[in-house]
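S.K.: what shape does this take:
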Amino acid sequence: MTVEINGQRFKTLIESSEISKKVRELGKNITKDYKDKDLVIIGVLKGSIIFLADLIRDIEIKAEIDFIRVSSYKDGMKPGDVELINDMQTRLNNRDVLLVEDLIDTGATLEFIKENILSKKPSSFKICTLINKKKIRKTNTDIDYMGFEIEDDFIVGYGTDFAEEGRNLPDIYVIED
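M.R.: Residues are numbered from 1 along each chain as shown. Modelled structure (predicted):
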């Protein structure tokens, strides 16, 4: 299937049924790993909202949820620059933190958020992403839970956007050649 957003055509890369299956699998693994832990799940806004909403329904343990919002795409920003827009409100000290991100590419934003969270002295810190792009990272951060690994293509759907549009698409799409 193809969709058009702002004059750009996209074709299906990952169907919603595959996404659902992978999210359930991630939820089961997180449930097992965090049993009897004091889990705080931090979603990265705006992109992670759909993934996180689905994921938490498949995590079968008690967990607190909070959000962080950062920007790396504002006018005048250089590649690798990251700005904190809204910080988390939850106490993280001596708690187990799971960061949930929709997409990881260069790792610059992830590294910024990781440093922010680690400064709050959690007991543990792990990362869960739905999409990991196969590219050379500018940072050396391990991903603990990963849904899909894709080439370095521009994607849209299931939380990711193209000029703030397409987040609500149930599948993940890639630019059509």
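S.K.: residue contacts, residue 110?
M.R.: Contact partners of residue 110, counting by Cβ atoms under 8 Å, 6 or more residues apart in numbering, are 99, 101, 104, 127, 139, 141. All C-beta spots, glycine's among them, are computed from the backbone N, C-alpha and C.
S.K.: so, low pLDDT: which residues of this protein?
M.R.: For the chain, the stretches with pLDDT under 70 are 73-80, 136.
S.K.: try 90 this time
M.R.: Scanning the chain with the threshold set as pLDDT under 90 gives 1, 6-7, 71-84, 105-109, 134-142, 152, 163-164, 176-177.
S.K.: all strands for it, in order.
M.R.: Taking DSSP state E to define them, one finds strands in the chain at 2-5, 8-14, 39-45, 63-71, 83-86, 96-104, 124-133, 145-150, 155-156, 172-175.
S.K.: reformat the ones you listed as TSV; add mean neighbour count and distance to residue 165.
M.R.: Shown next, in TSV, are the strands of the chain (neighbours: other Cβ atoms under 10 Å; distance: least, Cβ to Cβ, whole Å):
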stretch	mean neighbour count	distance to residue 165
strand 2-5	13	5
strand 8-14	17	10
strand 39-45	22	16
strand 63-71	16	17
strand 83-86	11	20
strand 96-104	23	15
strand 124-133	21	18
strand 145-150	17	20
strand 155-156	24	8
strand 172-175	21	12
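S.K.: got JSON lines for those strands, with distance to residue 26 too?
M.R.: Listed next are the strands of the chain as JSON lines, based on distance: least, Cβ to Cβ, whole Å:
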{"stretch": "strand 2-5", "distance to residue 26": "25"}
{"stretch": "strand 8-14", "distance to residue 26": "14"}
{"stretch": "strand 39-45", "distance to residue 26": "12"}
{"stretch": "strand 63-71", "distance to residue 26": "13"}
{"stretch": "strand 83-86", "distance to residue 26": "25"}
{"stretch": "strand 96-104", "distance to residue 26": "9"}
{"stretch": "strand 124-133", "distance to residue 26": "6"}
{"stretch": "strand 145-150", "distance to residue 26": "5"}
{"stretch": "strand 155-156", "distance to residue 26": "18"}
{"stretch": "strand 172-175", "distance to residue 26": "15"}
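S.K.: list the contacts of the residue nearest the centre of the chain.
M.R.: Central residue of the chain (Cα atoms, centre = their mean): residue 101, 1.3 Å from the mean position. By Cβ under 8 Å, 6+ apart, the contact list for residue 101 reads 44, 47-48, 110, 127-130.
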